[in-house]
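Peer 1: structure of the sequence below:
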Amino acid sequence: MADLDKLAAQLNNLKDLDVNQLAKVLTEHQNNLIKVVLIAGSLFLVWGMFNDHHAKDVKLRAQLAQEQQKLEALKAHDAALKDLNDFKSSIPKNLNEFELTVLLSNYAKLYHVAIPSLSPGESKDMGLYDVININFNAVSDNFKDMMLFLRQIEKSEFPLRINSWSGDEEKNGEITFEINISAVFIHT
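Peer 2: Okay, here's the model as predicted:
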């Protein structure tokens, strides 16, 4: 510390800056001057390294935040896709008019019900779905088979609904009935 005070005092005495005197003072305090320059250089180097590290750290954190947002967006996308696929798989299967007629015929055969007349369905476009109404007459040997047939239509994996039905028992014990069915076809 004494050397620095001595150096400062000598520099104050140099009002008339003489280059020879300045060179003499610098050579006398050469070691102290080198130490000060090395310390200042080291501090400047450490400060530069810290700033560089800090800038890289900030940039890395920003990239990490962006990647986290992308990852969350991908997870949300995957979840939405799964929900959409689950929803699509829950939608009942579609039938066309021919397939609907075949399905009703198969149900009738299963429960010993005869369908002597079937009127073609009228299709209505409802925007997101179509509705087809079908009217037909049927004959069953007994009440139980008729009820099992009607229940099978309502339990179908396809979107079918019995709108109305009415029946009579004939003298020979057969039951004749008229049915109006609606089928929904969802546009996918």
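
Peer 1: show me where this structure has helices.
Peer 2: With DSSP state H as the criterion, the chain has helices at 2-13, 19-28, 30-90, 97-110, 143-154.

Peer 1: now render those helices as CSV, adding mean pLDDT, mean neighbour count and distance to residue 176.
Peer 2: To be clear about C-beta, it is placed using only N, CA and C from the backbone, and glycine gets the same treatment. Below are the helices of the chain laid out as CSV (pLDDT from 0 to 100; neighbours: other CB atoms under 10 Å; distance: least, CB to CB, whole Å):
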stretch, mean pLDDT, mean neighbour count, distance to residue 176
helix 2-13, 66, 11, 123
helix 19-28, 73, 12, 127
helix 30-90, 86, 10, 37
helix 97-110, 87, 15, 13
helix 143-154, 91, 16, 9
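
Peer 1: those helices into TSV, with extra columns for distance to residue 175?
Peer 2: Listed next are the helices of the chain as TSV, based on distance: least, CB to CB, whole Å:
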stretch	distance to residue 175
helix 2-13	121
helix 19-28	125
helix 30-90	36
helix 97-110	13
helix 143-154	5
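
Peer 1: so for stretch 161-175, what gets flagged as buried?
Peer 2: Neighbour-count burial for stretch 161-175, with 16 or more other CB atoms under 10 Å as criterion, is recorded at 167, 175.

Peer 1: and stretch 107-120, by the same measure?
Peer 2: Across stretch 107-120, burial judged by 16+ other CB under 10 Å covers 107, 108, 111, 113, 115.

Peer 1: then stretch 130-138?
Peer 2: For stretch 130-138, burial by neighbour count (16+ other CB under 10 Å) applies to 130, 131, 132, 133, 134, 135, 136, 138.

Peer 1: and the two most separated of those residues?
Peer 2: Distances among the buried residues of stretch 130-138 were taken as CB to CB; the most separated pair is 130 and 138, at 24.3 Å.

Peer 1: and the gap between residue 69 and residue 173?
Peer 2: The spacing between residue 69 and residue 173, counted by CB to CB, to the nearest Å, is 74 Å.

Peer 1: do me a favour and average the pLDDT over stretch 112-120.
Peer 2: Mean pLDDT, computed over stretch 112-120, is 86.

Peer 1: per-residue pLDDT, residue 14?
Peer 2: Looking at residue 14, its pLDDT reads 54.

Peer 1: swap that for residue 18, please
Peer 2: 68.

Peer 1: return the distance of stretch 80-96 from the chain's centre.
Peer 2: Computed by CA atoms, centre = their mean, to the nearest Å, the separation of stretch 80-96 from the middle of its chain amounts to 15 Å.
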